[in-house]
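Participant: no sequence on this one, just coordinates:
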DNA sequence: ATGAAAGCGCTAACAT
DNA sequence: ATGTTAGCGCTTTCAT
């Protein structure tokens, strides 16, 4: 910047004014400064600027996802990016694979870079460690799952209601013996979906049977194996509820492997690309990652812009999309 | 940091030494400092530290993708993230939607944040604007497509060879009239795949027919429409080569819509989740986004670590994965 | 082993 | 409209 000032024959402050688009510089000098900037290929150092500014915003936010490559997560990512970029804000993205340590580590790195806000799909069992952070002024929004031991803005979907609706839908097609594939119940979402499943069964007057309920799954392969095992039960289910996009893929693989995809009903939680192209097409509980991401970004930026409304807990509805796999009637 | 020093009763420099894990601090003082850090919930300001350091690395890199939500791109993203995180480096990610202006804008923002390196899936038609950047010491790696008017490290796949192999494969199953669905040829990858298609046809002794070649596509919907149009040609193709993951989805949709998915062969460029679960399962030209991402990160970090080897142009092979759709024989 | 002081690139207050 | 100067939070000599 000093070089630019020297070349343009002006003072440091004037260059700063031009770079920041401030008023109070004559068009002629501004042009000279701009010419010097171009000639020297000068690039403003936002990090240094932030250090001294009265309002020390870095114009960056951090995004903690379960996995940037998971289609649900990456769609959410894109929605957040679009909202941020429209405001000139850059986003750090990171995956934590449901690992609480990685979550803390990532957030800690974000802090070191002085991000203005953080949007996080929480993995850990306890988020009270973020209390100081919040008090320190960092905006924080939890997405997909609420935090534990911390009050913060959240955007979640109606997991319990969605899972319950799925079971009731299967019930309406004659099913009473319904298997369940879910993630570890320490994950709030997974727990809510399992509870929705149980409530749905209760509404049908059915006791859940642990023999056809599998939790703690973490991958397509896990789910495929679990589904295969459930199907080998002495009293196998006539329908399956899979509680996450990848698990649905695993369930479909398992059914295909034994050629029973047309006799055993499936409802999957999460919609995904090609779900409608399978045969039978997949009936799913859909919740829109784009809408969730946008809502989270909205909440975050409201706080970044200085508003301090009471904590908000947005719960977005889910939608049952009937495509075929969930409408397979129970065989008699 | 001043507060920490005061609380621990030591000088600024000592706190800095502890924070940076440098030697030359007695265990006792180090412990006192650490205690003060914990008590004050102090977080090191990497931005400020970078400003003064002899080796002014920010430990961040920028990643410019076509779209963070595209499965191919997000898998690449994850591979880069894993490589970077293992080295304590954070990644800024951004989408540019094949828009040259957005590419420049993103890279410019990255520069302002003083990222150490940039990995980019290029969108623009001219990358000479990055020359100054490279000379200035920012490591730069191009992925999936080479830059234009600039020499830099690249990691690409053998697009031409892959497309050509696809056509030859279809030829071996009796096809001579093969339709093509591709993106705008200003995208290097799209152009190479089209050339591979043409070369493949030439090897079969066939002239390409513009009536069944569509380029300039940009979405699933585009591809679906284009495929439908091609199928309505007075001399419709017996096989389709789709040159990108989303276009393959569109092609499948179009074939399904007219119920011809079992008579018209399809080979898709890019593998994707569930390609093996469709009926018929999709034959694809696969190139591994994870391997591409890892290779790019490797190249980038080699330069970040100070090595200055000659520019490298890694070309990864593609693989034909036969699953059914590409082995449908031509009807007689 | 530790501290004092200079200075990284910039902005903000105060001059002029 | 423009320049001068202090100082943001830190690292790095150079002392001690």
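Facilitator: Ah, there it is. Treat the numbers as computed from the prediction; the structure is a model and nothing was measured. Numbering: from 1, shown residues only, chains lettered A, B, ... in the order given.
Participant: Any idea how many residues pack against the closest residue to DNA strand C within chain A?
Facilitator: Residue nearest to DNA strand C within chain A: residue A:1 (2.6 Å; CB to the nearest atom of the strand). In short, each C-beta sits where N, CA and C put it, glycine included. Number of residues near residue A:1 (other CB atoms under 10 Å in any protein chain shown) recorded here: 16.
Participant: For the residue nearest to it when sequence neighbours are not counted, which residues are in contact?
Facilitator: Once flanking residues are discounted, residue A:1 sits nearest to residue A:15: 5.5 Å by CB to CB, 6 or more residues apart in numbering or on different chains. If you count contacts by CB atoms under 8 Å, 6 or more residues apart in numbering or on different chains, residue A:15 has them with A:1, A:4, A:5, A:8, A:33, A:36, A:37.
Participant: Are any of these buried, and if so which?
Facilitator: A:1, A:4, A:5, A:8, A:33, A:36, A:37 (16 or more other CB atoms under 10 Å in any protein chain shown).
Participant: Can you pull the phi and psi angles for the nearest residue to residue A:198 once chain neighbours are set aside?
Facilitator: Spatially, and ignoring its direct neighbours in sequence, residue A:198 is nearest to residue A:208 (5.4 Å; CB to CB, 6+ apart). Phi and psi for residue A:208, reported as degrees, to the nearest 10, are phi -60, psi 140.
Participant: Wait, residue A:208 touches residue A:195, no?
Facilitator: No. Using CB atoms under 8 Å, residue A:208 makes no contact with residue A:195, being 10.5 Å away.
Participant: So which residues of the stretch 51-200 of chain A form strands?
Facilitator: A:60-65, A:90-95, A:117-120, A:139-143, A:153-157, A:178-183 (DSSP state E, counting those that start in this stretch).
Participant: helices or strands next to the fourth one in the packing?
Facilitator: With contacts taken as 3 or more CB pairs under 8 Å, 6 or more residues apart in numbering or on different chains; DSSP states H and E, strand A:139-143 sits against strand A:117-120, strand A:153-157, helix A:289-304.
Participant: Quickly list what residue A:119 is bridged to.
Facilitator: residue A:63, residue A:141 (DSSP bridges).
Participant: What lies in contact with the lowest-mean-pLDDT helix or strand in chain A?
Facilitator: Sorted by mean pLDDT, DSSP states H and E, the helices and strands of chain A end with helix A:131-135, the least confident at a mean of 86. Applying CB under 8 Å, 6+ apart, the contact partners of helix A:131-135 are A:107, A:111, A:140, A:150, A:152, B:41.
Participant: Let me have these in JSON lines, extended by neighbour count, distance to residue A:122 and pLDDT.
Facilitator: Listed next are the contacts of helix A:131-135 as JSON lines, based on neighbours: other CB atoms under 10 Å in any protein chain shown; distance: CB to CB, whole Å; pLDDT from 0 to 100:
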{"residue": "A:107", "neighbour count": "25", "distance to residue A:122": "10", "pLDDT": "96"}
{"residue": "A:111", "neighbour count": "21", "distance to residue A:122": "16", "pLDDT": "95"}
{"residue": "A:140", "neighbour count": "22", "distance to residue A:122": "10", "pLDDT": "96"}
{"residue": "A:150", "neighbour count": "17", "distance to residue A:122": "9", "pLDDT": "94"}
{"residue": "A:152", "neighbour count": "21", "distance to residue A:122": "10", "pLDDT": "94"}
{"residue": "B:41", "neighbour count": "13", "distance to residue A:122": "20", "pLDDT": "92"}
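Participant: Which helix or which strand is home to residue A:241?
Facilitator: Element membership for residue A:241, per DSSP states H and E: strand A:239-242.
Participant: re the thing from before, present the strands of the stretch 51-200 of chain A as TSV; the columns should include distance to residue A:83.
Facilitator: Below are the strands of the stretch 51-200 of chain A laid out as TSV (distance: least, CB to CB, whole Å):
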stretch	distance to residue A:83
strand A:60-65	10
strand A:90-95	10
strand A:117-120	10
strand A:139-143	12
strand A:153-157	12
strand A:178-183	28
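Participant: Between these, which one is closest to residue A:320.
Facilitator: Set against residue A:320 and scored by CB to CB, the strands of the stretch 51-200 of chain A come closest in strand A:153-157, at 12.8 Å.
Participant: What lies in contact with the closest one?
Facilitator: Against strand A:153-157 from outside (CB under 8 Å, 6+ apart): A:140-147, A:189, A:287, A:292, A:295-296, A:299-300, A:303, A:311-318.
Participant: Hey, what's the angle from that strand to strand A:139-143? Just curious.
Facilitator: Relative orientation of strand A:153-157 versus strand A:139-143 (axes from the mean of the first three to the mean of the last three CA atoms, to 10 degrees): 10 degrees.
Participant: Show me what strand A:153-157 pairs with in its sheet, parallel or antiparallel.
Facilitator: For strand A:153-157, pairing defined by DSSP bridges yields strand A:139-143 (parallel), strand A:313-316 (parallel).
Participant: Of these, which is nearest residue B:166?
Facilitator: strand A:139-143 (40.2 Å).
Participant: Return the distance of the closest one from the chain's centre.
Facilitator: Averaged C-alpha coordinates place strand A:139-143 at 11 Å from its chain's average position (CA atoms, centre = their mean, to the nearest Å).
Participant: Also stretch A:30-42?
Facilitator: 42 Å.
Participant: Kindly report the same for stretch A:46-53.
Facilitator: Distance, centroid of stretch A:46-53 to centroid of chain: 31 Å (CA atoms, centre = their mean).
Participant: can you check stretch A:172-186 too?
Facilitator: Centre to centre, stretch against its chain (CA atoms, centre = their mean), the figure for stretch A:172-186 is 23 Å.
Participant: what do you get for stretch A:17-26?
Facilitator: 40 Å.
Participant: Residue A:243 is in contact with residue A:182, isn't it?
Facilitator: Yes. The criterion here is CB under 8 Å, and residue A:243 meets it with residue A:182 at 4.0 Å.
Participant: Can you pick out the residue with more neighbours from the two?
Facilitator: residue A:243 (31 against 26).
Participant: Touching, residue A:231 and residue A:260? I think so.
Facilitator: Yes. Using CB under 8 Å, residue A:231 is in contact with residue A:260, at 7.2 Å.
Participant: which one of those two has more residues nearby?
Facilitator: residue A:231 (19 against 12).
Participant: burial count for residue A:55?
Facilitator: Neighbours around residue A:55, by other CB under 10 Å: 6.
Participant: Actually, residue A:147.
Facilitator: For residue A:147, the neighbour count with other CB under 10 Å is 20.
Participant: just checking, it touches residue A:125?
Facilitator: No. Applying CB under 8 Å as the test, residue A:147 and residue A:125 come out as separate, 10.2 Å apart.
Participant: what residues are up against whichever residue of the stretch 151-300 of chain A sits closest to DNA strand D?
Facilitator: At 23.3 Å from DNA strand D, residue A:300 is the closest residue in the stretch 151-300 of chain A, using CB to the nearest atom of the strand. Residues near residue A:300 by CB under 8 Å, 6+ apart: A:61, A:117, A:119, A:139, A:140, A:141, A:153.
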